[in-house]
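Visitor: Task: produce atomic coordinates for the following.
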Amino acid sequence: MFVGRSQELSVLEEAYATGTFQMVVVYGRRRVGKSTLLRRFADGKPDVRFFQARETSAAENLRALSAAVLGHDEADRMQPAYPTFEAALENVFRYAEGSRLIFVIDEYPYLAQSYPGISSLLQNLIDRCKGSSRMMLVLCGSSMSFMEHQVLGSKSPLYGRRTAQLKVKPFDAFDSAAMLAPADALRSVELYSLVGGVPLYLEQLDGSKSTEWNLANRILGLSRYLYAEPENYLSQEVRTPALYNAVISAVARGCTRSVDIQNDAGLSSSATAGYLKSLEELGVIERIAPVGDANRKHARYRICDWLFLSHFSLVARYAQLVERGMEQQAAERIVQQDLSTYVGHVFEDVSRQWLMRQISSGNVPVLPLEVGRWWGTDSRRHETVDVDVAAIGLDGEVIAGECKWETRPVTSDVLGTLAGRAELVRRQASRVLLFLFSKSGFTDECREDARRRGNVRLVTADEMFERQ
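Guide: Residues are numbered from 1 along each chain as shown. Below is the predicted model:
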């Protein structure tokens, strides 16, 4: 099933429509659907060549490249048709002088690993041929660090040659829900909170079945793809996965500052900083700061990949049951005791995603400088407070939101507390907009209070998914 990616497809189509030489860089973490996106874009185009680089020798990659350039099945060619990479690529550049051609090099980092001179070779060919070539060259890769530093970075031979770039990210909750159909809004949020928006992960689930069923039959279990995926993903991306696991486990236990993570994991300060940086590049952990606060000392780390979050904060707790084949009992326990609190944290992100969609579509008249969370000290009450959803607008507006993933409706007391905290996000705001997000709706008193205030919007989870 292909869903979403309309913005990414639009960028690719715009580049193709120019008819001139284009070099588009497409990158993103593994399993996020980059190759599927490119094949969808290429569908129906008259001349497309795909080269899938491999983690193998230069000779093997040259053989596969030769087959792709000539449009042959690689299995039909025992020897490369071209003696060198330069000869193969010169041929494809020359061919594109007379015809529009899409040439995709998928997993470009593997090609560069086997033949380190490839970027310099492409630089030379681009500089010589871009004026006459009608080729749309697409360099695609899953190694985030390599693509950002060795392709897009200022020290790369290819620096300045790209005409467009796409960082393909996991789906948000709403595109994920399309893959989880026919799940309703509540189940969509629960399943999304367990695996995140990576298409391959979502494909493992069955939206027609309960969250408990999906836990027992799709996530828990030693033979399940999703159960082993966090470990497999790290093993593919880093050299010392055990130490990275220690850092992730520390964050899952509630360590949010670098020094606390360092102490919990038993690592040095420099090692911790390096692991955190790598995990940020992999999209597993992110560093966040309060909206409107530039003080780096106030920043926190959190797990932002929901499969990793559920694995380290939920699934690992029941590893002994899973190892004994008691997946159903573990799933029941998670749903009964852990799931509501766990999903509540992810629901905050879902609410921020919904707000950004509303702003983008013009339904919320604010141009945001920042959208995120806010935390700090309420000097009036001498306590530390959090605002789940916070945004500061270009004209001094403040948006403040509270998220409740609970079985009972939200009361007016919650709205009153939120109104007070909104003042802490930014003093003397030009305008304040308040949002309450709820799994189970609102009391009549809360609705009346919101109507009386006039600057409040009450949003249920069902309403969030109605028109997305």
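
Visitor: Which stretches in the stretch 101-250 of the chain count as helices?
Guide: Taking DSSP state H, counting those that start in this stretch as the test, the helices found in the stretch 101-250 of the chain are 108-114, 118-129, 144-146, 173-180, 185-195, 199-202, 211-214, 225-237, 241-252.

Visitor: Same list, those helices, but as a markdown table with mean neighbour count, mean pLDDT and distance to residue 16 please.
Guide: C-beta here means a position set from N, CA and C on the backbone, and glycine is covered the same way. Converted to a markdown table, these look like this (neighbours: other CB atoms under 10 Å; pLDDT from 0 to 100; distance: least, CB to CB, whole Å):
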| stretch | mean neighbour count | mean pLDDT | distance to residue 16 |
| --- | --- | --- | --- |
| helix 108-114 | 22 | 97 | 19 |
| helix 118-129 | 17 | 97 | 17 |
| helix 144-146 | 18 | 90 | 25 |
| helix 173-180 | 24 | 96 | 23 |
| helix 185-195 | 25 | 98 | 32 |
| helix 199-202 | 22 | 96 | 23 |
| helix 211-214 | 20 | 98 | 39 |
| helix 225-237 | 17 | 95 | 31 |
| helix 241-252 | 20 | 97 | 39 |
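
Visitor: Quick check: which of those helices is nearest to residue 9?
Guide: Set against residue 9 and scored by CB to CB, these come closest in helix 173-180, at 13.0 Å.

Visitor: Show me what the closest one is packed against.
Guide: For helix 173-180, the helices and strands in contact under the criterion 3 or more CB pairs under 8 Å, 6 or more residues apart in numbering; DSSP states H and E are helix 185-195, helix 199-202, helix 339-360.

Visitor: Out of the ones you listed, flag the one nearest residue 34.
Guide: helix 199-202 (10.2 Å).

Visitor: Counting by contacts, list what the closest one packs against.
Guide: The elements that helix 199-202 packs onto, with contact taken as 3+ CB pairs under 8 Å, 6+ apart, are helix 173-180, helix 185-195.

Visitor: hmm, who's touching that helix?
Guide: Contacts of helix 199-202 with the rest of the structure, by CB atoms under 8 Å, 6 or more residues apart in numbering, involve 31-33, 36, 170-171, 176, 179-180, 191-192, 195, 226, 229, 307.

Visitor: repeat that with 7 Å
Guide: Contacts of helix 199-202 from elsewhere in the structure, counted by CB atoms under 7 Å, 6 or more residues apart in numbering, are 31-33, 171, 176, 179-180, 195, 226, 307.

Visitor: Check these against residue 12 and report the nearest one.
Guide: Using CB to CB, residue 33 comes nearest to residue 12 of the contacts of helix 199-202, at 13.5 Å.

Visitor: For residue 384, give me its contacts.
Guide: Counting by CB under 7 Å, 6+ apart, residue 384 has contacts 375, 377.

Visitor: Buried ones in stretch 451-458, by neighbour count?
Guide: Within stretch 451-458, the residues that count as buried by 16 or more other CB atoms under 10 Å are 456-458.

Visitor: what comes into contact with it?
Guide: When contacts are defined by CB under 7 Å, 6+ apart, stretch 451-458 is touched by residues 415, 432-436, 442, 447, 450.

Visitor: Next: stretch 95-111.
Guide: 19, 35, 38, 42, 45, 47-55, 61, 92, 118, 132-143, 146, 151.

Visitor: Just the buried subset of the residues you listed, please.
Guide: Among the contacts of stretch 95-111, those that count as buried by neighbour count (16+ other CB under 10 Å) are 35, 38, 42, 47-53, 61, 92, 118, 133-143, 146, 151.

Visitor: Out of these, which sit inside strands?
Guide: In strands, judged by DSSP state E, the following of the buried ones among the contacts of stretch 95-111 are found: 48-52, 135-141.
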